[in-house]
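Colleague: From the sequence below, what's the structure:
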Amino acid sequence: MRLPIAAFLVGLGWGAQAAAQTAARPALPPAPPAPPASDLYVYTIAPRDTLIALGRVLLASPARWREVQRLNHVRNPRRLRPGRPLAIPLALLRTIPATAQVLWLRGTPRVRLVDGTNAVALIGSTIGEGARLTTQAGEAIGPLDVLSDTMGVDFGPYLARVLHDVRENWYRIIPESARAPLMKKGKVSIEFAILKDGQVAGLQIVGSSGDIALDRAAYGGITASKPFPPLPTEFGGQYLALRFHFYYNPERSEIQ
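Modeller: As a prediction, this is how the structure comes out:
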């Protein structure tokens, strides 16, 4: 790790005293006991990363980046060496990292790999832990479309949480007609916007399945999930516009 250039004061007596005080002063507060390895997520530092910026992206409470600093004995939070590992307690993370496989997408979403390089997401490809997904307006990974400009912000972790909540609430109220043995098919498309505070605006069905029960369940999956978490603090927009697609018993060709 590169150390900041020290400025030395040259003076009779004064310089020696100042140097002694500087040497005696601890560089960082004592680090807390390290959690077990099983409770840590190891992030690989990418070019231009800083602890403050990583706190906004990865941590549930961005201000707790200082705990990561102490745990990893980082002297300068704005100067991190690319390629070095950074241990982060799972309890601090906004979402739990996991490896995922791309099953469905629209457009050409980008993946920022842990080594700092960028790649295009492809159906069937595997996205490893620590990679970041970036979508622009009209692009999507999974059963939703991002309709507004993300301004370069990585919405992957945030949208994963939104998708999880909507899916869980939707599954609870799927009508019996869409379950075995009837297995009714249908697709519902719903548009809405998430405001900066997580509230929902402009909720409307833009593509009906033709079945009131299927439409109502899809609509209820969203209303039961609000309010969503606030939008990421680094996002400068006033809202995030989305289009969700709810598929009931689809053929594989319908979702590719």
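Colleague: what ranges do the helices span in the chain?
Modeller: In the chain, the segments counted as helices under DSSP state H are 14-24, 51-58, 65-72, 156-173, 212-223.
Colleague: Out of these, which gets nearest to residue 233?
Modeller: The closest of the helices of the chain to residue 233 is helix 51-58. By C-beta to C-beta, the value is 5.7 Å. Glycine gets a C-beta too; all of them are placed from N, C-alpha and C.
Colleague: Kindly export that closest one (C-alpha atoms) in PDB.
Modeller: Output in PDB follows, covering the C-alpha atoms of helix 51-58 (Å, rounded to 0.1, in the frame of the first residue of the first chain):
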ATOM      1  CA  LEU A  51     -13.700   3.000   0.700                       C
ATOM      2  CA  ILE A  52     -16.200   5.800   0.700                       C
ATOM      3  CA  ALA A  53     -17.600   5.000  -2.700                       C
ATOM      4  CA  LEU A  54     -17.700   1.200  -1.900                       C
ATOM      5  CA  GLY A  55     -19.600   2.100   1.200                       C
ATOM      6  CA  ARG A  56     -22.300   3.700  -0.800                       C
ATOM      7  CA  VAL A  57     -22.500   0.700  -3.200                       C
ATOM      8  CA  LEU A  58     -22.000  -2.300  -0.900                       C
END
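Colleague: Flag every buried residue along it.
Modeller: 51, 53-58 (16 or more other C-beta atoms under 10 Å).
Colleague: how about TSV for those residues, with pLDDT and distance to residue 228 added?
Modeller: Formatted as TSV, these follow (pLDDT from 0 to 100; distance: C-beta to C-beta, whole Å):
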residue	pLDDT	distance to residue 228
51	92	27
53	89	23
54	89	23
55	89	21
56	87	18
57	79	17
58	83	19
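Colleague: coming back round to it: so which of the helices of the chain gets nearest residue 78?
Modeller: Residue 78 lies closest, by C-beta to C-beta, to one member of the helices of the chain: helix 51-58, at 7.1 Å.
Colleague: Now for the nearest residue to residue 237 once chain neighbours are set aside, how many residues are close by?
Modeller: Once flanking residues are discounted, residue 237 sits nearest to residue 151: 6.0 Å by C-beta to C-beta, 6 or more residues apart in numbering. Residue 151 has 11 neighbouring residues, counting by other C-beta atoms under 10 Å.
Colleague: cool, and residue 60?
Modeller: 12.
Colleague: Relative to residue 195, how far out is it?
Modeller: Using C-beta to C-beta, to the nearest Å, we find residue 60 at a distance of 20 Å from residue 195.
Colleague: so where do the strands sit in the protein?
Modeller: All strands of the chain, identified by DSSP state E, fall at 40-44, 85-89, 100-101, 105-106, 110-112, 118-120, 126-127, 132-134, 140-141, 144-146, 186-195, 200-207, 239-248.
Colleague: Can I get those strands in a markdown table including mean neighbour count, distance to residue 165 and mean pLDDT?
Modeller: A markdown table is the format used below for the strands of the chain (neighbours: other C-beta atoms under 10 Å; distance: least, C-beta to C-beta, whole Å; pLDDT from 0 to 100):
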| stretch | mean neighbour count | distance to residue 165 | mean pLDDT |
| --- | --- | --- | --- |
| strand 40-44 | 17 | 22 | 82 |
| strand 85-89 | 18 | 23 | 90 |
| strand 100-101 | 13 | 17 | 54 |
| strand 105-106 | 18 | 21 | 58 |
| strand 110-112 | 18 | 24 | 71 |
| strand 118-120 | 11 | 28 | 75 |
| strand 126-127 | 14 | 21 | 64 |
| strand 132-134 | 19 | 18 | 63 |
| strand 140-141 | 22 | 17 | 46 |
| strand 144-146 | 21 | 12 | 80 |
| strand 186-195 | 20 | 11 | 92 |
| strand 200-207 | 12 | 12 | 93 |
| strand 239-248 | 20 | 12 | 89 |
